[in-house]
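> take this sequence and fold it.
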Amino acid sequence: MASIKRLRLGFLGVGWIGRHRMQAILRTGLVEVAAIADPSPEMAVEAKRLAPDAGLMRSLDELLDEKLDGVVIATPSALHAEQCIHALERGVAVFCQKPLGRTASEVQAVVDAARTADQLLTTDFSYRFTDGMRRIRHIIRSGELGPIYAADLVFHNAYGPDKSWFYDPALSGGGCVMDLGVHLVDLALWCLGFPRVSSVTSWLFAGGEPLRQRPGQVEDYAIATMELDTGEAVQLACSWRLHAGCDAIISATFYGPNGGVSLRNVNGSFYDFIAERYRGTSRETLATPPDDWGGRAAADWAARLAAGEGFDPEAERFVDVARIIDRIYKQ
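Coordinates of the predicted model:
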């Protein structure tokens, strides 16, 4: 069994998400936060309250000069691929916020850099780490439901991002699909074992009009259908600022001939989920709140890195997800 060593980590981008992931990683007891970099002095000071001994750096290069084992990246999407590749080429493992890149080619370049450097790379597909989704995936993969023939996944957000770069296609790579739909694509493929996708059909809207009529904007409502080579149908829907009657509507439901399983948020919450198994008109509860899942993906990466793991070929799955996003955007 590999020995566990205490890690020296750097954090690039310490807004709310970056600080939350820092807290989760610190709770593992496996790390030392050696360095922090953020263009906002206020954000850097907030992060330093969590890690008083960390140095404040002005750039990624200064961060990497601190002889780090890994770096956590939570910066605008347009920067992810370049920053990840730069860190990996310096021999530093990477945990990056989604999306890993704005296109499949960007994501592939990051994965290739991780493979060449033999460094552990992962991205923050945090919903995989909810208790409910793990129970659901186990039931699906066990074959208890029989062959899954349909899935329906939804993420409607009654609000929208508060940073201007989210609304610039060149900086964000896209709108609600890139922000929220990427989680839905990942959960569908992850639960079903990453099957081949034969076709993708999508409809994208901005301000209530087809996106193609609003050049230079990003979508705020999207519907997509994936047909799998094995015949299953997967339906996805996501949005920003939908008149949803609550803060959010989030669900992932899978149907087989022997029953169904579903994860759904509770009372419009972004954080509380219930998972259920369906048999005809009856239901069985699989998981309920509370479930402190938000930072588990980051903590899992840190634990694996501390155990000495290098490149994980499963990182290629991030490319599979990105290819579907490209097809939703018809790239």
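> which residues touch the residue nearest to the spatial centre of the chain?
Most central in the chain under CA atoms, centre = their mean is residue 125, positioned 2.8 Å from the mean C-alpha point. By CB atoms under 8 Å, 6 or more residues apart in numbering, residue 125 lies in contact with 98, 183, 186, 187, 190, 297. In short, each C-beta sits where N, CA and C put it, glycine included.
> go with 10 Å
98, 100, 182, 183, 185, 186, 187, 190, 297, 317, 318, 321 (CB atoms under 10 Å, 6 or more residues apart in numbering).
> pretty sure the second one sits against residue 112.
No - taking contact to mean CB atoms under 10 Å, the distance of 12.0 Å between residue 100 and residue 112 leaves them out of contact.
> and those two? Which one has more around it.
Taking neighbours as other CB atoms under 10 Å, residue 100 and residue 112 compare with residue 100 leading, 29 against 15.
> Provide the partner residues of residue 32 in its beta bridges.
Beta bridges link residue 32 to residue 8, judged by DSSP bridges.
> that one - how many residues pack around it?
There are 15 residues near residue 32, going by other CB under 10 Å.
> look up how far residue 192 lies from it.
Here residue 32 is placed at a distance of 39 Å from residue 192 (CB to CB, to the nearest Å).
> follow-up on the earlier one: of the contacts of residue 125, closest to residue 269?
For the contacts of residue 125, the residue nearest residue 269 by CB to CB is residue 183; the value is 15.6 Å.
> a helix runs through the closest one, doesn't it?
Yes - assigned with DSSP: H, G, I helix; E, B strand; the rest coil, residue 183 falls within a helix.
> residue contacts, it?
So residue 183 contacts 98, 124-128, 153, 155, 236, 238, 250, 252, 321 (CB under 10 Å, 6+ apart).
> farthest-apart pair in the residues you listed, please.
124 and 236 (19.1 Å).
> which residues of the stretch 51-200 of the chain fall in helices?
60-64, 77-89, 104-117, 131-142, 169-172, 176, 182-192 (DSSP state H, counting those that start in this stretch).
> just to check, residue 226 is in contact with residue 194?
No - Residue 226 is not in contact with residue 194 according to CB under 10 Å; the separation is 12.0 Å.
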